[in-house]
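>>> 3D, please:
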Amino acid sequence: MDFKNFRFGLLIRTIFLGVFLFFTIYSSYKNEWYVTMLVSAVLSIVFFIEIIRYAEKYKRSLSEFLISIKSRDFISSSNIIADKTTRDILREAYDSILDEFRNIRIDKEVQYHYLKTMIEHVKIALFSFDESGKIQFINKTASELLNVHSNHNISKIENIDSNLFKLIKSLKSGESELLKLKLNDTILHLSVYATEIKIQRKSIKLISLQNIKQELEYQELESWQKLIRVLTHEIMNSVTPISSLSNSINETLSETNGKKSELQKISDDDFEDILSSIKTIENRSKGLLKFVSSYKQLTRIPRPDIKEINLSELVNHCQTLLKQKLAEHKIKFTFNNQNEQLNCFADYDLIEQVMINLLINAIDAVKNEKNPQITVDIKNEINKYKISIKDNGKGINPEEIEKIFIPFYTTKKEGSGIGLSLSRQIMRLHKGSIQVNSEQGTEFMLEL
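You can find the predicted model right below:
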């Protein structure tokens, strides 16, 4: 901005003020110079006032400009500044700033309408509300689903479903829950997710509701198909030899005309075959009973008894239980958080069962390695604990990773195939998760 004219005008007025002040003071020392002294004093006052007025014009113009910004009245500077001299000096700077503000405002309006259109377009129900429960924003999908609108209070949702209302109020930031809801004779399976943000020191909770019924039905069907394949395989493995051997025994004990054979006529070799077949039938029958018993165990997990537990003590206890197995295979066991106080709320017995399952799997994975190692590490993140159980074994084939959590699927000769499936169910009952990574060795990660 060019202040040349402003500086010149201010300098001239200051010089005149200095000159008349000098004559006023000089005249006061001279006798009979009363008129000169009076005129000089008056002119000094006039020029002093003129300097103030001259500077006030710029101050007033700047004040009007700032008020226009505050009121978002982005009009031209020629309408703000009436004085021609001042306008000539400040117009370019003011117009440049106002143009920038106009562009920012236009950009914000464009972004707002773009985001609003995008949010309205998605089929996920979205709405936000403040601490008093007043709805700040709600998209069309949420409005049609819940029959509420902007500026309504979320208490209206309680009239639709009290469980949904309680869940929305209780969910903390980053948490999600599944809820089965009946609306207008339609069953909905909603995935409810909450996020909290602060805007101008106000806490706003954003809720998303997604109907995942179709996805759940697809996953359920796929899970049933996988389970049926495994069940069929396991049952056929037991029933086929039982049926075959039973038929063989029946043929041995029967004559060609269908009558029973006399035991005295049965040869020693046939008798041995009968005993061997009966023994095999017994073993396969026991295996089938064991399989059914495992199935019952998988479907009857007790509800967690949630209490405050120390994860460090739990891991140390599991290490003690498996101490003999670790020593037998000379496995180096490392627990990075041995002396830390890591407390969380969970069912001690159920989490211990998960840890033992994973540690036994890790032992089986590394027992034939040259330098077998198992490492346990616990990280305390925001409102969550992540437990890592890592081994340096050969890892799991990519084709098998997707199957290891299927009930009764196992690659071990003596495995039941329910350990990992049981562990996943236990973690879900704790609102946690279990993940696996097998790029280098195998690492199971528990999240509580």
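
>>> how many residues are close by V354?
27 (other CB atoms under 10 Å). In short, each C-beta sits where N, CA and C put it, glycine included.

>>> give me every residue that touches it.
By CB atoms under 8 Å, 6 or more residues apart in numbering, the contact list for V354 reads 422-423, 426-427, 434, 446.

>>> list the contacts for V315?
Contacts of V315 (CB under 8 Å, 6+ apart): 335, 337-338, 355, 376, 378, 387.

>>> just the buried residues of the residues you listed.
335, 337, 355, 376, 378, 387 (16 or more other CB atoms under 10 Å).

>>> okay, and which of the residues you listed map to strands?
335, 376, 378, 387 (DSSP state E).

>>> ranges for the helices of the stretch 51-200 of the chain?
77-80, 84-121, 140-146, 157-160, 162-170 (DSSP state H, counting those that start in this stretch).

>>> chain center to stretch 191-204, what's the gap?
Relative to its chain's centre, stretch 191-204 lies at 14 Å (CA atoms, centre = their mean, to the nearest Å).

>>> which SS class is M37?
helix (DSSP: H, G, I helix; E, B strand; the rest coil).

>>> just give me the neighbour total for E215.
Count around E215 with other CB under 10 Å applied: 12.

>>> so it, which state does it fall into?
helix.

>>> quick check: it vs K140, distance?
Remark: distance between E215 and K140 (CB to CB, to the nearest Å) = 22 Å.

>>> can I get the ones in strands among the buried ones among the contacts of V315 in TSV including distance to S155 and pLDDT?
Output for those, formatted as TSV (distance: CB to CB, whole Å; pLDDT from 0 to 100):
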residue	distance to S155	pLDDT
F335	49	90
V376	47	92
I378	41	91
I387	40	92
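
>>> and the buried ones among the contacts of V315, which two are furthest apart?
N337 and M355 (13.4 Å; CB to CB).

>>> low-confidence ranges, the stretch 201-350 of the chain, go.
For the stretch 201-350 of the chain, the stretches with pLDDT under 70 are 214, 216-231, 233-239, 241-243, 245, 249-271, 284, 287-300.

>>> which residues of it fall in helices?
Under DSSP H, counting those that start in this stretch, the stretch 201-350 of the chain gives helices at 213-252, 268-299, 311-321, 323-328, 348-366.

>>> in terms of pLDDT, where does the residue most central in space within the chain sit?
Nearest residue to the geometric centre of the chain (CA atoms, centre = their mean): G174, 4.9 Å. Listed pLDDT for G174 reads 83.

>>> what do you get for the one 3 residues further on?
With respect to pLDDT, E177 has a value of 85.

>>> how many other residues sit next to it?
14.

>>> list the contacts of it.
167, 171, 191-192.

>>> also L314?
348, 351-352, 355.

>>> before we move on, what about S176?
Contacts of S176 by CB under 8 Å, 6+ apart are 191-194.

>>> need the contacts of V354 in CSV (columns: distance to N153).
Below are the contacts of V354 laid out as CSV (distance: CB to CB, whole Å):
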residue, distance to N153
L422, 44
S423, 43
I426, 39
M427, 37
I434, 40
L446, 40
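
>>> quick check, nearest of these to E313?
L446 (16.0 Å).

>>> who does that closest one form a beta bridge with?
I387, I434 (DSSP bridges).

>>> out of the helices of the stretch 51-200 of the chain, which is closest to I49?
Going by CB to CB, the one of the helices of the stretch 51-200 of the chain nearest I49 is helix 84-121, 17.7 Å.

>>> give me the distance between the closest residue to V436 other than its chain neighbours and V354.
Distances taken as CB to CB, 6 or more residues apart in numbering place F444 nearest to V436, at 5.4 Å, with adjacent residues excluded. For F444, the distance to V354 (CB to CB) stands at 9 Å.

>>> residues shared between the contacts of the two?
I434.

>>> and stretch 130-144, average pLDDT?
Mean predicted confidence for stretch 130-144 is 85.

>>> what's the end-to-end length of it?
21 Å (CA to CA, to the nearest Å).

>>> for that stretch, which residues meet the burial criterion?
Those would be 135, 138-139, 141-143, for stretch 130-144 by 16+ other CB under 10 Å.

>>> farthest-apart pair in those residues, please.
Going by CB to CB, the pair spanning the buried residues of stretch 130-144 furthest: I135 and T141, at 14.1 Å.

>>> residue contacts, the spatially closest residue to G419 that is not a sequence neighbour?
Spatial nearest neighbour of G419, excluding adjacent residues (CB to CB, 6+ apart): N357 at 4.2 Å. Residues near N357 by CB under 8 Å, 6+ apart: 419-420, 422-423.

>>> tell me the pLDDT at N357?
86.

>>> how far away is it from S40?
For N357, the distance to S40 - CB to CB - is 104 Å.

>>> taking helix 84-121 as reference, get the angle to the strand or helix carrying R7.
Assigned by DSSP states H and E, R7 falls within helix 4-28. Per axes from the mean of the first three to the mean of the last three CA atoms, to 10 degrees, the angle that helix 4-28 makes with helix 84-121 is 140 degrees.

>>> only the buried residues of helix 4-28, if you could.
6, 9, 13, 16-17, 20-21, 23-24, 27.

>>> and it, what other elements does it pack with?
helix 34-70, helix 84-121 (3 or more CB pairs under 8 Å, 6 or more residues apart in numbering; DSSP states H and E).

>>> mean confidence for the last one?
Mean pLDDT, helix 84-121: 73.

>>> so what's the gap between that helix and the chain middle?
With CA atoms, centre = their mean, you get 36 Å for helix 84-121.

>>> tell me what it is packed against?
Helix 84-121 packs on helix 4-28, helix 34-70, helix 77-80, going by 3+ CB pairs under 8 Å, 6+ apart.

>>> cutoff 10 Å now
Applying 3 or more CB pairs under 10 Å, 6 or more residues apart in numbering; DSSP states H and E, one finds that helix 84-121 contacts helix 4-28, helix 34-70, helix 77-80, strand 135-138, helix 140-146.

>>> tell me the contacts of the nearest residue to R303 once chain neighbours are set aside?
Leaving out its chain neighbours, the residue that sits closest to R303 by CB to CB, 6+ apart is L429, at 6.9 Å. L429 makes contact with 301-304, 306, 346-347, 350 under the criterion CB atoms under 10 Å, 6 or more residues apart in numbering.

>>> ok, the residue nearest to I351 when sequence neighbours are not counted to I15 distance?
Counting by CB to CB, 6+ apart, L314 is the residue found nearest to I351 once chain neighbours are left out, at 6.4 Å. Distance, L314 to I15, by CB to CB: 88 Å.

>>> give the pairing partners of the top strand by length along the chain; include direction for each.
For the chain, the longest strand by residue count, based on DSSP E, is strand 186-199. Here strand 186-199 has these sheet partners by DSSP bridges: strand 176-183 (antiparallel), strand 202-211 (antiparallel).
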